[in-house]
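Novice: Mind folding the following:
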Amino acid sequence: MPDLVFTRRFSMGHRLIHGASESCALPHGHNEFVTVRLTPTAPTRLDGHGNMPVSFQKAKSTWHRFIDERIDHALQLAADDPLLAWFQTHEPARAARIVVTPGDPTTELMTCLLMAKLNAFLMAEGDVLRCSELSLEETPTNTVTFSGNPADFIPAGRPPATCWWNRADMSIADPAN
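Specialist: Numbering: from 1, shown residues only. Sure, this is the predicted structure:
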């Protein structure tokens, strides 16, 4: 059965404070493209009528709403970033627009977190499709592509069920953050 592949563009801001990239320690932004490959979980012959496991519209709808409403123009910060605490104290309404990550919000980590989130949505929508590959283009010259189980690469620390990226809701942070 053919895979479905689609791309969405979004703008974001982030900073990396843990020293791997000193030039990224100050808040800055990127215009990114996220491309996903959805594979049927139970491949079957096309039926001769509708000829698709799920329409593009249905396959993309929740994901595009999540990207457009929660990820686009959001700030990505590590859970231990002092800037997060500042926003939570001084501008709590704006803190709700911060994607909170376990460690620096690198493109590598965001690729895994976004894939886990998309798979949570797909599972909740009947488990007909699974994200088999996700690419995040940070700049025209830097792209990270991931295939596999994102849980094998996301930093451990909390029970997986409590993490926003494993829930089929529009969350981008956990209540404890």
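Novice: So Phe6: helix, strand or coil?
Specialist: Three-state assignment for Phe6 (DSSP: H, G, I helix; E, B strand; the rest coil): strand.
Novice: Could you say whether the residue nearest to it when sequence neighbours are not counted sits in a helix, a strand or coil?
Specialist: Spatial nearest neighbour of Phe6, excluding adjacent residues (Cβ to Cβ, 6 or more residues apart in numbering): Lys60 at 5.8 Å. The way it works is simple: take the backbone N, C-alpha and C, and place the C-beta from them, glycine included. Following three-state DSSP, the label given to Lys60 is helix.
Novice: Where does pLDDT dip in the chain?
Specialist: 1, 176-177 (pLDDT under 70).
Novice: So which residues of it form helices?
Specialist: Using DSSP state H, the helices of the chain run over 56-66, 82-90, 92-95, 107-124.
Novice: now the angle between helix 56-66 and the longest one, please.
Specialist: Which is helix 107-124. Between helix 107-124 and helix 56-66, the angle comes out at 130 degrees (axes from the mean of the first three to the mean of the last three Cα atoms, to 10 degrees).
Novice: which other residues reach helix 107-124?
Specialist: Defining contact as Cβ atoms under 8 Å, 6 or more residues apart in numbering, one finds that helix 107-124 is touched by 34, 36, 38, 62-63, 66, 71, 76, 99, 101-103, 128-131, 134-136, 138, 142, 144-146, 150-151, 153-155, 163-168.
Novice: Now, of the residues you listed, which are buried?
Specialist: 34, 36, 38, 62-63, 66, 71, 76, 99, 101-103, 129, 131, 134-136, 138, 144, 146, 150, 154, 163-168 (16 or more other Cβ atoms under 10 Å).
Novice: Grab the longest strand from this protein for me.
Specialist: strand 28-40 (DSSP state E).
Novice: Next, the buried residues of that one.
Specialist: So for strand 28-40, counting by 16+ other Cβ under 10 Å, buried means His30, Glu32, Val34, Val36, Arg37, Leu38, Thr39, Pro40.
Novice: helices or strands up against it?
Specialist: Using 3 or more Cβ pairs under 8 Å, 6 or more residues apart in numbering; DSSP states H and E as the contact criterion, the elements in contact with strand 28-40 are strand 4-14, helix 107-124, strand 129-139.
Novice: Now render the buried residues of strand 28-40 as CSV, adding distance to Asn51.
Specialist: Shown next, in CSV, are the buried residues of strand 28-40 (distance: Cβ to Cβ, whole Å):
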residue, distance to Asn51
His30, 37
Glu32, 32
Val34, 27
Val36, 21
Arg37, 19
Leu38, 16
Thr39, 16
Pro40, 13
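Novice: Out of those, flag the one nearest to Arg9.
Specialist: Checking the buried residues of strand 28-40 against Arg9 by Cβ to Cβ gives Glu32 as the nearest, at 7.1 Å.
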